[in-house]
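K.L.:
only the shape, not the letters, is given here:
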């Protein structure tokens, strides 16, 4: 979202050349409504629009329900503005003027290791899937996939530390309530194998398992 149409369309065009699906707004539309419809993986948000700091207001509305990464792009550099920007969780800040390489690097950095969690409806957005842990359900293309209790519990642990290895002992202790990893090693392996099949429709989602390192849920950009 950028009220300078030339700059906004330039950024959008550059991102589209990188095969990203972009929705550009100059701020005259209902941006929160667009957000709900478009469901972006990341938001680039100008702060100063129409003579006021509308970007902070929009970020506040998004944060009532979503932890989607936000990158503020602004010419404002006063300490109080930077403090306000970073008072929101899961954000970054780019000062104007900038080059597109910086924008791309920051986008890639923020997207690596991000699963979007809706704090109101309690779901994780995982690529093309939506995971509802409280309902033991994975949704893909309007199809409900029922997960067993172990699948749900393991996937929840991995979602909380996405793109990071989680020690197998930690997973087993959390899910099965035992400290002896060997007792449930086979159960964990079976659950991981089952979850891999669940995510077979989105090649960007992988579950890596290294015996002496741990298990990692990977979401590629």
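P.N.:
Received, thanks. No experiment lies behind these values; they were computed from the predicted model shown. Residues are numbered from 1 along each chain as shown.

K.L.:
tell me the contacts of the residue of the chain most remote from its centre?
P.N.:
Each residue of the chain has a distance to the centre, and by CA atoms, centre = their mean the biggest one is for residue 183: 33.9 Å. Taking CB atoms under 8 Å, 6 or more residues apart in numbering as the criterion, residue 183 is in contact with 172, 176. (Glycine included, C-beta is placed from N, CA and C.)

K.L.:
relative to residue 174, how far out is it?
P.N.:
As judged by CB to CB, to the nearest Å, residue 183 and residue 174 stand 14 Å apart.

K.L.:
please apply the same query to residue 219.
P.N.:
As judged by CB to CB, residue 219 and residue 174 stand 21 Å apart.

K.L.:
low-confidence ranges, this structure, go.
P.N.:
The chain contains residues with pLDDT under 70 at 112-121, 221.

K.L.:
do you have the helices of it handy? List them.
P.N.:
Along the chain, counting by DSSP state H, helices occupy 5-17, 31-38, 54-63, 79-85, 100-111, 149-160, 168-176, 185-198.

K.L.:
residue 126: which of these is closest?
P.N.:
Closest to residue 126 of the helices of the chain, according to CB to CB: helix 149-160, at 7.3 Å.

K.L.:
name the helices or strands packed onto the closest one?
P.N.:
Helices and strands touching helix 149-160, as assessed by 3 or more CB pairs under 8 Å, 6 or more residues apart in numbering; DSSP states H and E, comprise helix 168-176, helix 185-198, strand 214-219.

K.L.:
between the longest one and strand 214-219, how many degrees?
P.N.:
In this structure, helix 185-198 runs at an angle of 10 degrees to strand 214-219, with axes from the mean of the first three to the mean of the last three CA atoms, to 10 degrees as the basis.

K.L.:
contact partners of helix 185-198?
P.N.:
The contact list for helix 185-198 (CB under 8 Å, 6+ apart) reads 138, 145, 147, 150-151, 154-155, 168, 171-172, 175-176, 206-207, 209, 215.

K.L.:
write the ChimeraX selection for whichever of these are buried.
P.N.:
Command for ChimeraX, covering only those of these found buried under the criterion 16 or more other CB atoms under 10 Å:
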select :138,145,147,150,151,154,155,168,171,172,175,176,207,215
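
K.L.:
which among the contacts of helix 185-198 gets closest to residue 100?
P.N.:
Residue 100 lies nearest to residue 206 out of the contacts of helix 185-198, by CB to CB, at 28.8 Å.

K.L.:
identify the residues contacting the closest one.
P.N.:
Contacts of residue 206 (CB under 8 Å, 6+ apart): 196, 199, 217, 218, 220.

K.L.:
and residue 184, by the same measure?
P.N.:
By CB under 8 Å, 6+ apart, the contact list for residue 184 reads 172, 175, 176, 178.

K.L.:
that's all I had, so thanks and see you.
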